[in-house]
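Novice: Next one to model:
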Amino acid sequence: MSIANLLFVKKAGKIGNIQLDVTISESHLFSSTITKFPVEDGSDKTDHIINEPVALSISGFITNTPTKPFGDLVGRVVRKEKFNRVKSNFDALLELRNSKLPFTVVTGLNVYKNHFFQSLTIPRDAKTGDALRFTAVTIPIITVEAKSVKLKDVSEKYKDIGQSSINKGSQNKAAVAPGIKLESAAYKLGRFFKGIF
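Specialist: Residues are numbered from 1 along each chain as shown. Predicted coordinates:
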């Protein structure tokens, strides 16, 4: 790494309140769901494409000796202890993941709000040494606000449509002399067969 790169190094990424010493890599995934069905010619094509939330993949590196002038020397002198920055940030990453609360991710290209961990990978090997290397995949949850809307200026014609009575028309009732029973032909036939069997 040249001296120019050291002097003009870009600010490392940040996940929630966790400041990375180095961002090893970052990937911004802009995906869309496009209909698989035929679309009528002349119709608006944008109605058939859904832009998915931006997914991020960020690989970061945190050490006990950050590349700040004098590292954490002042903090160590004040605390009079050896501060394990790697363990502290490891715990902070797990706490952020387990809390299931939204956080902000700062990258070299953009700031993404309302993100959640989809996955968090922390590999350990001989090359890692006394440092924390991790890869986090984060995605946002898009929220919407429900609103109640009062209907205004409803015409009187439709105001009580659910309570209106239905006109059933005129019903003619045949006058029946007292003491006479009206029986249908099917009822009489049923009584006839019942008497036989």
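Novice: Identify the single longest helix in this structure, thanks.
Specialist: In the chain, assigned by DSSP state H, the helix with the most residues is helix 85-99.
Novice: Only the C-alpha atoms, please, for stretch 112-127, written as PDB.
Specialist: The C-alpha trace of stretch 112-127 is given here as PDB (Å, rounded to 0.1, in the frame of the first residue of the first chain):
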ATOM      1  CA  TYR A 112     -29.000   2.600   4.100                       C
ATOM      2  CA  LYS A 113     -31.600   2.900   6.900                       C
ATOM      3  CA  ASN A 114     -34.000   0.500   8.400                       C
ATOM      4  CA  HIS A 115     -31.800  -2.600   7.700                       C
ATOM      5  CA  PHE A 116     -31.800  -6.000   9.500                       C
ATOM      6  CA  PHE A 117     -29.400  -8.900   9.500                       C
ATOM      7  CA  GLN A 118     -30.300 -11.600   7.000                       C
ATOM      8  CA  SER A 119     -27.000 -13.400   7.900                       C
ATOM      9  CA  LEU A 120     -23.900 -12.700   9.900                       C
ATOM     10  CA  THR A 121     -20.800 -14.900   9.200                       C
ATOM     11  CA  ILE A 122     -17.700 -14.700  11.500                       C
ATOM     12  CA  PRO A 123     -14.900 -17.000  10.300                       C
ATOM     13  CA  ARG A 124     -12.000 -17.700  12.600                       C
ATOM     14  CA  ASP A 125      -8.600 -19.200  11.400                       C
ATOM     15  CA  ALA A 126      -4.900 -18.800  11.900                       C
ATOM     16  CA  LYS A 127      -4.800 -15.800   9.500                       C
END
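Novice: now this structure, which segments are flagged as low pLDDT?
Specialist: Where the chain drops to pLDDT under 70, the residues are 1-11, 67-82, 149-183, 195-197.
Novice: need the strands for it, in chain order.
Specialist: Along the chain, the stretches classed as strands by DSSP state E are 14-15, 18-19, 22-29, 32-34, 49-51, 55-63, 103-106, 111-121, 131-140.
Novice: Now the longest one: buried residues?
Specialist: With burial defined by 16 or more other CB atoms under 10 Å, the residues of strand 111-121 counted as buried are 112, 115, 117. Quick note: C-beta positions are derived from backbone N, CA and C, even for glycine.
Novice: partners of that strand in the sheet?
Specialist: Using DSSP bridges, the neighbouring strands of strand 111-121 in the sheet come out as strand 103-106 (antiparallel), strand 131-140 (antiparallel).
Novice: Same check on the fourth one?
Specialist: Under the criterion DSSP bridges, strand 32-34 sits next to strand 49-51 (antiparallel) in its sheet.
Novice: now the second one
Specialist: Each strand that pairs with strand 18-19, with its direction, by DSSP bridges: strand 14-15 (antiparallel).
Novice: measure stretch 23-37 end to end?
Specialist: Taking CA to CA, to the nearest Å, stretch 23-37 runs 41 Å from one end to the other.
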